[in-house]
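Q: I'd like to go over a predicted model; first the sequence, then the structure.
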Amino acid sequence: MQEIFKRRSIRKYQSKPVEKEKIDELLRAAMAAPSAGNEQPWHYIVIDDRNILNNIANTHPHAAMLKEAPVGILVCGDLTKEKYEGFWVQDLSAATQNMLLQAVSLGLGTVWIGVYPNETRVNELIKMFNLPANIIPFSIVAVGYPDEYKDEVDRFDASRIHYNKW
């Protein structure tokens, strides 16, 4: 539970680079996510090129933090891996969340930058990365050493829980 409560959206980063071993740990965590029929429909593009990160930040209306983040990870869905139509979205959501939680344990800060289902964002990233027709950009995770601190949050709300009926 500690990583869950400590996980916060971090939008300010130190200029310190993130070690490849830590990026690999994030990707291992992502690929450990459950997926419908074990289809594992994911691909990842690790972005550490400052020009590309800045370009994404300039075209995506909610990605300004990529101008500071040393790494971005583009999470993509592979429709050729799809066993159960549409469930790739849930699979990639679980994979993205796994990365966010693992980052906490590694002393890293992250923020989930939404891409799919916004067609404009999807199409811009398809063009930017020259993605094949079967690959759909889903999210971007900004990654770096945090340059801001946010208190832990417990968002438990008993009024949102229902048993056996509404």
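A: Looks like it arrived, so ask away. Numbers count the residues shown, from 1 in each chain.

Q: flag the shaky bits of the protein, pLDDT-wise.
A: Within the chain, no stretch has pLDDT under 70.

Q: could you pull out the strands for the chain?
A: Assignment of strands within the chain using DSSP state E yields the ranges 42-47, 71-78, 109-114, 135-144.

Q: turn the ones you listed into TSV, columns for mean neighbour count and distance to residue 153.
A: The C-beta positions use only the backbone N, C-alpha and C, and glycine is treated the same way. As requested, the strands of the chain are arranged in TSV below (neighbours: other Cβ atoms under 10 Å; distance: least, Cβ to Cβ, whole Å):
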stretch	mean neighbour count	distance to residue 153
strand 42-47	19	27
strand 71-78	23	23
strand 109-114	22	15
strand 135-144	24	19
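
Q: nearest residue to the most centrally placed residue in the chain other than its sequence neighbours?
A: When the chain is reduced to its mean C-alpha position, the closest residue under Cα atoms, centre = their mean turns out to be residue 141, at 3.5 Å. Residue nearest to residue 141 in three dimensions, not counting chain neighbours: residue 73, with 4.5 Å by Cβ to Cβ, 6 or more residues apart in numbering.
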